[in-house]
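Colleague: next one to model:
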Amino acid sequence: MARWRSVPVLMSAVWLASAICLAQEKPAGEPPGKGEKASPDAASAEREVRAAAVREAGLPGEMQKKFEVLAGEWDASVKFNIPGTNAPVESSGRMTNVMEMDGRYLRTTYRGKTGSQVFEGSGIWAYNNLEKKYESVWIDSESTGILWLSGTVSEDGRTFTLTGEAIDPATRQKTRHKWIVTSISDDAYTMGFYSARGEEQETKTMSISFTRVKDDQPAAEGHAGKAGSAGSPTGGKKPIESDAAGKPRN
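Modeller: Here you go, the predicted structure:
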C-alpha cells in the first residue's frame, strides 16, 4: 500500500516539473526577455522591417505629384486689400516653382515690385507621409520670422487649403492665416489669402493670379528673369522658388 500511496506524489512532481519547463519556453516570435539575447536571424529580420518602414515613409508618391501642377515660371498679378480703402493696391511679380529631391518638395521663389519697393519671398511645399498632411514654410523680405502652414487638398486635387498662425507686426497679436491655392488649368492658378484675430471672422487680405510664362516671354522690369537667366535674382543659377507675395504677418 505504501508503494501505491507514493504514485500520486510522483505524478505531482512530474506535472510540476513539466509546468516549470513550459513556463520557461517563449512563444515563437516573442522578443527576448531582460538579459537574453535575440537570435541573429530575429535581429536581422527586425532591422529589415525598420529599414523598410523608413524607406516607405521617405518615398514620394501620388500626394506629392498633386503639387507638380504648380511647377514652372509664372507672372503674378497681385491685389492687396487694405482695410478702410475702397480699391485694392495692385502690383506684379514673377514666381518660379521647382520640384526638388526627386519630386519630394516644391521650392518656390517670388520677386515683385510695388512702386519703387522690391519684395522677395521664398518657401517650400511638402506632403508629410507620416503626418498625412501638406506642409509649407514661407519667408520674405518684409519679416524676420517663418510662417508655418499645413493642410489638405480637395478630392479633385486642384485646391490646396493651408492654415497657420503668426504674430501681426502692426498689432502684435496672434493672427490666423489661411491660404487657398487653386489650379485653374495647366497655365493658370490663383492664391487667396485670409486672416483673422481672436474671435474675428476671417477676411480676404490678398489675391494673386498666376499665368504661366511662355519660353519666349521676357521678364518685366524689377522681376526675376527666366530660371537660369542673367536677369535672375540667383545670378544666372537655377533659382529656388516660392509661393506668394506680401501678406500682413510677422
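
Colleague: which residues in the chain form strands?
Modeller: Counting by DSSP state E, the chain has strands at residues 72-80, 89-100, 105-114, 117-128, 133-140, 147-153, 159-167, 174-185, 188-197, 203-212.

Colleague: which residues touch the residue nearest the centre of the chain?
Modeller: The C-alpha lying nearest the average C-alpha coordinate of the chain belongs to Glu135 (C-alpha atoms, centre = their mean; 2.4 Å). By C-beta atoms under 8 Å, 6 or more residues apart in numbering, the contact set of Glu135 is Trp125, Ala126, Tyr127, Asn128, Trp148, Leu149, Ser150. To be clear about C-beta, it is placed using only N, CA and C from the backbone, and glycine gets the same treatment.

Colleague: for this structure, what helix or strand is lowest in average pLDDT?
Modeller: In the chain, the helix or strand scored least confidently by mean pLDDT, DSSP states H and E is helix 2-24, which has a mean of 45.

Colleague: got any ranges where this structure has weak pLDDT?
Modeller: Applying pLDDT under 70 to the chain flags residues 1-38, 216-250.

Colleague: re the thing from before, most neighbours per residue, which of the strands of the chain?
Modeller: Of all the strands of the chain, strand 105-114 carries the top mean neighbour count, a mean of 23, counting by mean count of other C-beta atoms under 10 Å.

Colleague: burial count for Ala42?
Modeller: Neighbour count of Ala42, defined by other C-beta atoms under 10 Å: 14.

Colleague: go on, the one 3 residues further on?
Modeller: Residues within reach of Ala45, counting by other C-beta under 10 Å, total 13.

Colleague: just to revisit the earlier point, could you dump the strands of the chain into a markdown table and include distance to Lys66?
Modeller: Converted to a markdown table, the strands of the chain look like this (distance: least, C-beta to C-beta, whole Å):
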| stretch | distance to Lys66 |
| --- | --- |
| strand 72-80 | 15 |
| strand 89-100 | 12 |
| strand 105-114 | 10 |
| strand 117-128 | 8 |
| strand 133-140 | 9 |
| strand 147-153 | 6 |
| strand 159-167 | 8 |
| strand 174-185 | 9 |
| strand 188-197 | 12 |
| strand 203-212 | 17 |
